[in-house]
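build me a model:
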Amino acid sequence: MSRPVDPRLQRLLGGDAYASLRKRLRDRFARAPAGEEVESFRISKLTSDEYSLLASLLGRPIRHSSSLQVDVGRVDATFRDSGIALSLRDALEIIDGPIANLAETRRASIKMWSDVLNACTHHALVELLQTPKGLGLLKRLSGSRPDAAIELCRRVEATLRRLPADAVTRSQLAAEVLGDAHALDGGRPAATLILTIWRRPIARTSGNKGFDEPEGETEIEPAERDRDVWAKAGVLVNELARPALFLNVPVEGTERYGQFPGEPVYASLRSLLRTPPVWRVAGRKVYVCENPNLVAIAADRWGSDCEPLVCTDGMPAAAQRCLLSQLTEAGASLHYHGDFDWAGVRIGNHMMCEHGAKSWRFDAVDYVSAVEEASELGQTLTGKASLAYWDGGLTTAMQLHGLSVAEEAVATSLLNDLRSANGS
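You can find the predicted model right below:
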């Protein structure tokens, strides 16, 4: 319970008029080495009223000055003699509450958060929390309360022990592990930590290539990125959204997708994860394009004689990433082409770095050739430039010519590659 403030003390040192001065005086005591008395200090940038108050407490004449050497013992004696407080520190604590020693508070805080870390057992969570950013994230999510942090970590570890899952929905996982179907929804503390942990191993590896993505650019919307990360962990979120489009990709049991030779088909994230297909692509070249229109054009032109073709439909989402990863694991060699614009370059960077794709007529020489054949009413290249990791000359050429070229505009050359050697 707080002590009552003597009206005389309130008139002398209380109120808003001296709030700033009280805070500065409290800081002097808070920053003192633990266990040591504050004997004197110099305080500057005083207003005339603040100077007059301190001078009167010291028994000094009032002068026109903005700084003053404070003898704490003399001020303490003035308060004791007046009977309104035992000391300057006592007066400050009566008005505004106890003064905590910063060094002791810091040591106690370090000890409490160390206890939080020691209570964690899952290696991935421990690894995250041993980084300043990871520990800072935990503090933010727990409201800087160690007790809340321990409970949050307990829930995170219980979920991590179930990952990777076997194509379970996020709501089902949350209900089974945490007793709340919404406990792993976007923005919830446990989900944020789990996604951070699972995002780290699959982070873009472009740094190893010696390039950096221009600051401020994002390859994919955060909500979609979350869905991709959950998919990597075998957890389904919006499992029927943005299915993957492909054409003539050899798979065991084609009837499962209702495939007809030469007809494009879709595969949902749900089907790709729940019952992973057996892709017959070992040693095969699989072409990858950015735009669904090119798949339609190829199907119309070559039908069943078209080489295997997959569409990213822009930046690959969860289903597309899952399909591309499955094909790579099955031994396919991916070859990517996209729009000659900055978004297309960023998609290309993703394809090369995360899926090990090679360029498919998507280099500087191909761009220059496309520009030479482009319409005089060509589209101006806009947006922030991105460095093409696989061919720095492509970025230079695009900046030089300043035109974007849609993938469909170069369909003729791409179709030549897509004609199967076994076709008639």
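
which helix or strand lies directly C-terminal to the least confident helix or strand in the chain by mean pLDDT?
Across the helices and strands of the chain, mean pLDDT, DSSP states H and E gives its lowest value to helix 222-232, namely a mean of 76. Using DSSP states H and E, the helix or strand that follows helix 222-232 in sequence is strand 235-236.

contacting residues around the least confident helix or strand of the chain?
The contact list for helix 222-232, computed with Cβ atoms under 8 Å, 6 or more residues apart in numbering, reads 164, 170, 186, 191, 195, 198-199, 202, 220, 236-238, 241, 269, 273, 315, 317-319, 321-322. C-beta here means a position set from N, CA and C on the backbone, and glycine is covered the same way.

filter these down to the buried ones and hand me the ChimeraX line.
Entered in ChimeraX, the line below selects the buried ones among these, by 16 or more other Cβ atoms under 10 Å:
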select :170,191,195,198,220,236,237,238,269,273,315,317,318,319,321,322
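
thinking again about what came up before, off-centre distance for the least confident helix or strand of the chain?
11 Å (Cα atoms, centre = their mean, to the nearest Å).

flag the shaky bits of the stretch 251-400 of the chain, pLDDT-wise.
Within the stretch 251-400 of the chain, the stretches with pLDDT under 70 are 254-259, 376-377.

take the contacts of helix 222-232 and keep only those in strands.
Applying DSSP state E to the contacts of helix 222-232, the entries found in strands are residue 236.

for residue 303, see how far away residue 23 is.
Computed with Cβ to Cβ, to the nearest Å, the distance linking residue 23 and residue 303 is 79 Å.

those two: which has the busier surroundings?
residue 303 (16 against 11; other Cβ atoms under 10 Å).

and the more buried one, how close does it get to residue 418?
Separation of residue 303 from residue 418 (Cβ to Cβ): 11 Å.

got it, and residue 141?
Using Cβ to Cβ, we find residue 141 at a distance of 49 Å from residue 418.

repeat that for residue 340.
Residue 340 sits 19 Å away from residue 418, going by Cβ to Cβ.

same check on residue 37?
From residue 37 over to residue 418 the distance is 85 Å, taken as Cβ to Cβ.

ok, the two, which is more surrounded?
Between residue 37 and residue 418, counted using other Cβ under 10 Å, the more crowded position is residue 418 (25 against 10).

now do the contacts for the more buried one.
By Cβ under 8 Å, 6+ apart, the contact list for residue 418 reads 287, 298, 301, 302, 306, 307, 309.

now, of these, which are buried?
287, 298, 302, 306, 307, 309.

I'd like the residues you listed as TSV, with distance to residue 33 appended.
Formatted as TSV, the buried ones among the contacts of residue 418 follow (distance: Cβ to Cβ, whole Å):
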residue	distance to residue 33
287	70
298	76
302	81
306	78
307	75
309	72
